[in-house]
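J.: here's my sequence, what's the structure:
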Amino acid sequence: MPSHYPNSALDNEAQLGRVVANLFREQGWNVAEEPDEENVAPDFLVSGHGRKFVVELKRASEGRKDRVIPLLSQAALEAVHYSRVMPGHPVPLAIVGANRIPDGIAEEAKQFMQKRAPQVAVGVVDLEGLRLFAGHGLESLNSARRPQRSLHAPNARAPQLFSDLNQWMLKVLLAPRIPQAYLSAPRGHYQGASQLAGAAGVSVMSAFRFVEEFSKEGFIESGDGVLRLVRLRELLNRWMGASQRRVLEIPMRWILHRGKKTLWNAVRSYQSSEPMDLANRAGELSSPRPRLCLGLFEAAEALGIGFVHGVKPYLYIERLSAEVLKELGLSENAEEERADLYLRIPGNRESAFRGVVRKDGMPVSDILQVWLDVSQHPSRGKEQADLIWRKILSTAFETS
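T.: Presented below is the predicted three-dimensional model:
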């Protein structure tokens, strides 16, 4: 199972906790972080599939045996204690993580715990994709470390073609065809990668790779000196296919339900507390605070082209933050069927957030992002995508 934090180190246990919580959520488990039950405070309670676990996490500064096994043992002792004193006696689960843990050490740690504390479920994770779990049916979470692909591997180009910044540069090249009300992006014509880099706010090397990759695929021509996208319908189909990779969605509930406009009021409050010079600086790779915006059907409605009603709203957020959730008035302790909305954490955060438009002061996903996102949604998403295509995108693209 790939990590959602591939470019970060596990600097602390809180970040390790986010990785582990996301791993369980992706498999349909409900995760309650830092639950406070009967004066005990384990790291997590995980429930679902007819089972319940009390989870203790430990982070190892290095993936060495003399670091991993003692920390896993400590986590096991604490998890067993919580299991004994908590109602229902959930199964104790001990997890240790590090930036990298060799396969042999992970296996040795697992066997060490199975021999000495077979009643405890164990997990070993690292940032390179290692997921080794044992006990009480958790083996379904296991996945091997991701192999290092050769640059010339047959499928290596496919995901890279639609990398985060490449998607953003596609939006920049498509922007002159799309009204500003639907896409926030510079609008111009660019003679080469350097000009595109300046307009898009990316490095010249990133823009050079973008032009090279899309030219090799036959989607960019520059015969007249100006970069021009061609074979647009095929390009958009490829883009849509690449965008259907699994996205992390987290069910949320309002702590205090305040009516139909709760989401809009919460986002407005969040926006008003952020200095405008920080909120609107373009071309940055990170923000002082997590960026957020309306997504999917809620965004389509805000853009004036809503078609599907009654679906729980989606809010894109750049990264999980306990402070931001508190500010928005949200609680993660939500069963899916009782959720008030879903938070989405995009893998393509620059493409998702740089194109955001403002509607009545609300940050809203751009029309291309909405079209890509709703296309495979089970709640009449294809019909919503078809409407966006007919009303807005076809006029711009089908003439090419």
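
J.: the lowest-mean-pLDDT helix or strand in the chain: what's the following helix or strand?
T.: Lowest on mean pLDDT, DSSP states H and E among the helices and strands of the chain sits helix 276-279, with a mean of 42. Proceeding N to C from helix 276-279, the next assigned helix or strand is strand 292-295, under DSSP states H and E.

J.: other residues contacting that next one?
T.: 263, 267, 270, 299, 302, 313-318, 324, 344, 352-353, 356, 362-365, 369-370, 373 (Cβ atoms under 8 Å, 6 or more residues apart in numbering). Heads up, the C-betas are built off the backbone N, CA and C, glycines and all.

J.: inside helices: which ones of the residues you listed?
T.: Within the contacts of strand 292-295, residues falling in helices by DSSP state H are 263, 267, 270, 299, 302, 324, 352-353, 369-370, 373.

J.: which two in those residues are spaced the farthest apart?
T.: Put simply, by Cβ to Cβ the two of the ones in helices among the contacts of strand 292-295 set farthest apart are Val324 and Val370, 22.7 Å from each other.

J.: settle it for me: which of those two has more neighbours?
T.: For Val324 versus Val370, neighbours defined as other Cβ atoms under 10 Å are more numerous around Val370 (28 against 17).

J.: surely that one touches Ala300?
T.: Yes - here Val370 reaches Ala300: they are 5.3 Å apart, a contact under Cβ atoms under 8 Å.

J.: quickly list what Asp126 is bridged to.
T.: In this structure, Asp126 bridges to Ala98 when assessed by DSSP bridges.

J.: could you check how many residues crowd around it?
T.: When neighbours are counted by other Cβ under 10 Å, Asp126 comes out with 25.

J.: what's the span of stretch 351-371, first residue to last?
T.: 14 Å (Cα to Cα, to the nearest Å).

J.: returning to what we had before: from the ones in helices among the contacts of strand 292-295, which is closest to Asp340?
T.: Once Cβ to Cβ is applied, the member of the ones in helices among the contacts of strand 292-295 that ends up nearest Asp340 is Leu263, at 8.3 Å.

J.: shaky segments in the stretch 101-250 of the chain?
T.: Along the stretch 101-250 of the chain, the model assigns pLDDT under 70 to residues 145-159, 223, 244-247.

J.: the same query, at a cut-off of 50, please.
T.: 147-159 (pLDDT under 50).

J.: tell me the strands in it, going along the chain?
T.: With DSSP state E, counting those that start in this stretch as the criterion, the stretch 101-250 of the chain has strands at 121-126, 131-134, 220-221, 228-229, 248-254.

J.: need those in CSV (columns: distance to Ala185).
T.: Shown next, in CSV, are the strands of the stretch 101-250 of the chain (distance: least, Cβ to Cβ, whole Å):
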stretch, distance to Ala185
strand 121-126, 37
strand 131-134, 38
strand 220-221, 17
strand 228-229, 14
strand 248-254, 25
